[in-house]
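Structure for the following, please:
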Amino acid sequence: MYPTPGIGHPKLIQTHRFNITIILTGLLDHPTIEAYIRRITAAHPSISFLRLPHIPLFASTSVSLAAKAFDFIKANASSVATYLSQISQTSAIKAFFIDLFCTSTMESASSMGIPVYYFFSSGAAVLALFSYFPKLHEERTKEDVSLEHALDGGDAAAE
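Numbers count the residues shown, from 1 in each chain. The predicted structure is shown next:
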């Protein structure tokens, strides 16, 4: 599993029939996270964690925070591929679950013959919305892109 930085994903796994390795970036290194990892590992020996090598965040202020996050995840993709290759030398990897934002690792896992699945921790309504984005993109015209005024949100914005 390769989730975006956070600590809630392993709690959603409720089985004792297979081993799980969670690959973590170094973005959110903090003593409380390390303590959490130790507790999870002690309580569930079938869950282990691998830390990717530290990659500093990009210093550019002209790029949005979202773009920096995607660049950070993409910069870790080669390390994830290396770890998947190393793990596959000693274990049969049955599946690779990735967070919705970690698609940059999909190709390397697929090329190793590892089935890739999305781990989507949000609700079904958000998944439905995300599933609708390609249709919106397909229907968008050039005029839609060059709107002169932002939408104000209607009555909700006035409250």
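
For F18, give me the pLDDT.
For F18, the model assigns a pLDDT of 79.

Is it in contact with S46, as I believe?
Yes - F18 is within contact range of S46, at 6.8 Å (criterion: CB atoms under 8 Å). Just so you know, the C-beta spots here come from the backbone N, C-alpha and C atoms, and that holds for glycine as well.

More neighbours: which of the two?
Counting neighbours by other CB atoms under 10 Å for F18 and for S46 shows that S46 has the greater number, 13 against 9.

Distance-wise, check the residue nearest to H54 when sequence neighbours are not counted relative to A69.
Counting by CB to CB, 6 or more residues apart in numbering, H54 lies nearest to G26, which is 4.2 Å off, once chain neighbours are set aside. Using CB to CB, to the nearest Å, we find G26 at a distance of 14 Å from A69.

Under the pLDDT cut-off, which ranges of the protein? List them.
For the chain, the stretches with pLDDT under 70 are 1-17, 58-62, 141-159.

Recalculate using a threshold of 90.
Residue ranges of the chain with pLDDT under 90: 1-20, 24-34, 36, 44-47, 53-73, 75, 91, 99-103, 118-131, 133-159.
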